[in-house]
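> Below are the sequence and a predicted model; questions follow.
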Amino acid sequence: MVALVLLFLTKPLEYLPNAVLSAVVFLIGVKLVAIGGMRTIYRLRRDEFWVALLTALVVVVLGVEQGIILAIELSLIVHARRHFLPHDAVVRFDPRDTSGWPRPRPGWSPSLAWSSTGSRSGSSTPTPSASPRTPWDW
């Protein structure tokens with residue numbers, strides 16, 4: 001549709017004020033933004049949402065080239081941050097498990113096997129204590 005208008009109605013568009021043409025281009029640009037997709041990104045990964053939003057603002061204010069450069073830099077920072085600060089989770093044994101893997105001995109607790117006092121460089125990541133107690137002490 002836009003191509004047809006540009007091909008056949010170029011002369012009449014010449015007489016429209018620049019403000020009207022700017023409004024048309026602005027509305028087309030607004031329709032290109034997927035608000036639902038941005039909501040999904042916000043819900044799943046907030047850091048990527050802020051990268052996308054900041055990139056869009058820089059593209060609108062400063063230009064496409066600056067926006068692309070900023071997006072690359074911010075994406076690299078978010079990627080490095082995500083991989084250097086991984087999400088820690090506690091995994092526990094399912095008492096209904098029938099897979100045949102060795103079972104922990106009774107009374108074993110993860111808090112007995114791991115200690116945060118032996119961590120390197122003051123990080124809070126738990127590391128095995130000096131004499132680790134595993135659930136498979138035979």
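Here it is on my side, so go on. Numbers count the residues shown, from 1 in each chain.

> from here on, contacts and neighbour counts on C-alpha atoms
Fine.

> and residue 71, what helix or strand is that in?
Remark: residue 71 resides in helix 64-84, with elements defined by DSSP states H and E.

> So which bits of that helix are buried?
Within helix 64-84, the residues that qualify as buried by neighbour count (16 or more other Cα atoms under 10 Å) are 67, 70, 71, 74, 75.

> and the two most separated of these?
Greatest spatial distance among these (Cα to Cα): 67 and 75, at 11.9 Å.

> which secondary element of this protein has the worst mean pLDDT?
In the chain, no helix or strand scores lower on mean pLDDT, DSSP states H and E than strand 114-115, which sits at a mean of 48.

> quick one on the thing from earlier: make JSON lines from the buried residues of helix 64-84 and add pLDDT and distance to residue 37 to it.
Formatted as JSON lines, those follow (pLDDT from 0 to 100; distance: Cα to Cα, whole Å):
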{"residue": "67", "pLDDT": "93", "distance to residue 37": "19"}
{"residue": "70", "pLDDT": "95", "distance to residue 37": "21"}
{"residue": "71", "pLDDT": "95", "distance to residue 37": "17"}
{"residue": "74", "pLDDT": "95", "distance to residue 37": "19"}
{"residue": "75", "pLDDT": "94", "distance to residue 37": "18"}
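
> Make a markdown table out of those residues and add distance to residue 9.
Shown next, in a markdown table, are the buried residues of helix 64-84 (distance: Cα to Cα, whole Å):
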| residue | distance to residue 9 |
| --- | --- |
| 67 | 33 |
| 70 | 38 |
| 71 | 37 |
| 74 | 42 |
| 75 | 42 |
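
> which residues are contacting stretch 37-46?
48, 49 (Cα atoms under 8 Å, 6 or more residues apart in numbering).

> for it, which positions count as buried?
By 16+ other Cα under 10 Å, the buried positions in stretch 37-46 come out as 38, 41.
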